[in-house]
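Chemist: Got a predicted structure plus its sequence, pasted below:
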Amino acid sequence: METQISEPHFITTAQLKEKIDNKEDFALVEVLGSETFAEFHIPGAVNVPVDDTFEDGIQKVVPDKNKVTVIYCRDIECHASAKAVRRMERLGYKNVLEFHNGKNGWKAVGLPVETGGK
């Protein structure tokens, strides 16, 4: 039986804001480098860069492969989030959403951001 990778599912800015406002149980992961994460990130996000350690890192941060996980990077032209989604699906994650507006899109509409490390 061959592994079928589904098309990524997307989440809009409004849907992500609603999840955060409703304090839903989900993981929010920025997949850019740590310096970029420290510049600013969406509140509540954790940082797991898409690099050679991504598979180990994501499994530590999100051990439950059925947990809803929202992945984002800088903006719609950044492909790091799409790469991360594909790599997570290969690991067996079932509920991954890509926020392709990214943190720039979030900030551009006046939503709050945080600065600093992890």
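Modeler: Arrived safely, thanks for sending. Residues are numbered from 1 along each chain as shown.
Chemist: Identify the residues contacting the longest helix belonging to the chain?
Modeler: Selection of the longest helix in the chain by residue count, based on DSSP state H, yields helix 80-91. Helix 80-91 has contacts (CB atoms under 8 Å, 6 or more residues apart in numbering) with 3, 5-6, 8, 29, 31-32, 48, 50, 54-55, 58-59, 65, 69, 71-74, 96, 98-100, 102. (Each C-beta comes from the backbone N, C-alpha and C, glycine too.)
Chemist: Pull out the buried residues from these.
Modeler: For the contacts of helix 80-91, a burial check counting by 16 or more other CB atoms under 10 Å picks out 8, 29, 31-32, 48, 50, 54, 58-59, 65, 69, 71-74, 96, 98-100, 102.
Chemist: on that earlier part again, among the contacts of helix 80-91, which lie within strands?
Modeler: Judged by DSSP state E, the contacts of helix 80-91 include 29, 69, 71, 72, 96, 98, 99 as members of strands.
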